[in-house]
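K.L.:
Need coordinates for the following:
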Amino acid sequence: MVRPNAGTKGVPRLDRESQILDIASEQFGSHGYAATSVATVAGHAGISKPLIYNYFGSKEGLYEACLDRGGSLVADEIERIASGDTVGIERGMQTLGGLFELLERRRYLWRLFFDGTAPTTGPIADSATLYADRIGKLAQEGVAELMSLADNEDQLDISAMTAVWLGIVDSLMNWWVDHPGETAEQMMQRCLRLLQALFGAVEQ
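P.N.:
Now for the predicted structure:
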């Protein structure tokens, strides 16, 4: 007899949900919300569409679940690094390194947060805003520490630099997604070289 909490073919429900979210996250992150159907996810998972609707209610519910799981992973990693002792540029580099390691085998997760085809209102938009605010707050905190080391407490400067930093991180992550042959370690070394080139140009 199949257990009440089991999914199809005796697979425990939590395991089946995790499998569905893995596949859906890759499909949504690789092809976008609009171009990904529940049928496609079901086909890759080897299950029926009704099972996905039973678990997540709708395509929107499935995407929101993917966004929540991916957002928690990313935000938790940034918070872990923020709770350490490093400050300034070292904290920024550790944050990049942590993200590269976390996302190396699932870098498509990054694009879940910036999908222009996803709904802009409702639960999906609310989840995206929640994690954007959570990550943005951590970025502002780190930037404020960096600026303080340079004896700069100007709030507009901090705001501007936070926007610059978030833009840099997003650009690097998107470049990485577009260059799947680049490993996490190679990306970290590349970032160090870019940083050295930037500071070298400034010092000249």
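K.L.:
List the buried residues for the longest helix anywhere in the chain?
P.N.:
What stands out as the longest helix in the chain, according to DSSP state H, is helix 123-149. Of the residues in helix 123-149, 124, 127-128, 131, 134-135, 138-140, 142-147 count as buried by neighbour count, 16 or more other C-beta atoms under 10 Å. Glycine gets a C-beta too; all of them are placed from N, C-alpha and C.
K.L.:
Specify which member of those residues is nearest to residue 75.
P.N.:
Using C-beta to C-beta, residue 134 is the member of the buried residues of helix 123-149 that sits closest to residue 75, with 4.8 Å.
K.L.:
Contact partners for the closest one?
P.N.:
By C-beta atoms under 8 Å, 6 or more residues apart in numbering, the contact set of residue 134 is 71, 75.
K.L.:
What mean pLDDT does the longest helix of the chain get?
P.N.:
Averaging pLDDT along helix 123-149 gives 94.
K.L.:
and the next element down the chain from that helix?
P.N.:
helix 155-177 (DSSP states H and E).
K.L.:
List the contacts of that following helix.
P.N.:
92, 95-96, 99-100, 103, 107-108, 110-111, 114, 135-136, 139-140, 142-144, 146-147, 152, 182, 187, 191.
K.L.:
Mind doing that once more with 6 Å?
P.N.:
Residues from elsewhere that reach helix 155-177 (C-beta atoms under 6 Å, 6 or more residues apart in numbering): 107, 110, 139-140, 143-144, 147, 182, 187.
K.L.:
Tabulate the residues you listed (CSV), appending distance to residue 53.
P.N.:
Below are the contacts of helix 155-177 laid out as CSV (distance: C-beta to C-beta, whole Å):
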residue, distance to residue 53
107, 28
110, 27
139, 37
140, 40
143, 43
144, 45
147, 49
182, 38
187, 38
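K.L.:
out of the residues you listed, who's nearest residue 70?
P.N.:
Within the contacts of helix 155-177, the smallest distance to residue 70 is 8.2 Å, found for residue 110 (C-beta to C-beta).
K.L.:
got a list of what that closest one touches?
P.N.:
Applying C-beta under 6 Å, 6+ apart, the residues contacting residue 110 are residue 173.
K.L.:
Am I right that it sits in a strand?
P.N.:
No. Residue 110: not assigned to a strand; according to DSSP: H, G, I helix; E, B strand; the rest coil it is helix.
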